[in-house]
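A.B. asks: This is a predicted model, with the sequence first.
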Amino acid sequence: MTADTTGVIGAQTTSPSEQVTACLSLENFIFTRKLGEGGFGRVMLATHQPSGHQLAVKMVKKRELLEDAKDTISLEREVLEITENSRFFIHAFGTFQTADYAFYAMEYLSGGTLTAFVKSRGPLDVCTTRFLAAEILSGIEFLHSRGIIHR
């Protein structure tokens with residue numbers, strides 16, 4: 001199975017990012033476990049063999065998308081490009097595709113989800129809640145300043 005590497009995000013980046021974006025194809029990843037699942041696909045932990053980096057790779061099955069949702073893949077890629085320089089969003093190394101799937105190769109952050117964090121800690125104290133709310137609000141403000149509205 002060969003992958004098309006068109007639409008690589010961040011091709012002008014440096015060092016570790018260059019190592020990853022230079023070799024984005026399905027054959028260069030070893031998938032180890034599922035990190036999460038959403039409405040449009042699943043996110044897997046994978047090792048990028050040429051660089052040795054662990055990445056989160058979102059896999060979206062093209063056939064399962066409704067006709068109206070096909071633009072979702074391109075739109076998500078555009079948003080990832082726009083948020084590339086924000087501290088409040090995951091860095092995307094690039095996108096690639098096969099005949100059946102679209103893939104987003106992103107940095108892997110081992111902390112887990114906000115939901116898992118809250119479940120593991122129980123009720124959060126006021127300071128932690130304010131801090132987390134400020135981080136989320138900063139991310140949303142970043143999006144809004146660039147004309148993007150999240151759901």
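C.D. replies: Okay, I see it.
A.B. asks: pLDDT of whichever strand or helix holds S120, averaged?
C.D. replies: Using DSSP states H and E, S120 maps to helix 114-121. What helix 114-121 shows for mean pLDDT is 89.
A.B. asks: Moving C-terminal from that helix, which element do we reach first?
C.D. replies: helix 126-145.
A.B. asks: Just want the angle from that following helix to helix 114-121.
C.D. replies: Counting by axes from the mean of the first three to the mean of the last three Cα atoms, to 10 degrees, helix 126-145 lies at 180 degrees to helix 114-121.
A.B. asks: Quick check: buried residues in helix 126-145?
C.D. replies: 139, 142-143 (16 or more other Cβ atoms under 10 Å). Just so you know, the C-beta spots here come from the backbone N, C-alpha and C atoms, and that holds for glycine as well.
A.B. asks: do you know how far E141 is from S120?
C.D. replies: Using Cβ to Cβ, to the nearest Å, E141 is found at 28 Å from S120.
A.B. asks: lowest-confidence helix or strand of this protein?
C.D. replies: None of the helices or strands of the chain scores lower by mean pLDDT, DSSP states H and E than helix 15-21, at a mean of 56.
A.B. asks: Let me know the next secondary structure element after it.
C.D. replies: Per DSSP H and E, the first helix or strand lying C-terminal to helix 15-21 is strand 29-37.
A.B. asks: Now that next one: buried residues?
C.D. replies: Buried residues in strand 29-37, counting neighbours by 16+ other Cβ under 10 Å, are found at 29, 35.
A.B. asks: for the record, mean pLDDT for that strand?
C.D. replies: Rounded mean pLDDT across strand 29-37 is 93.
A.B. asks: angle of the very next helix or strand once past it against strand 29-37?
C.D. replies: Per DSSP H and E, strand 29-37 leads on to strand 42-48 as the next helix or strand towards the C-terminus. For strand 42-48 against strand 29-37, the angle by the same axes, to 10 degrees is 150 degrees.
A.B. asks: by contact count, what packs against strand 42-48?
C.D. replies: strand 29-37, strand 53-61 (3 or more Cβ pairs under 8 Å, 6 or more residues apart in numbering; DSSP states H and E).
A.B. asks: that's a helix at T95, yeah?
C.D. replies: No - using DSSP: H, G, I helix; E, B strand; the rest coil, the secondary structure at T95 is strand, not a helix.
A.B. asks: Pull the number of nearby residues for it.
C.D. replies: 24 (other Cβ atoms under 10 Å).
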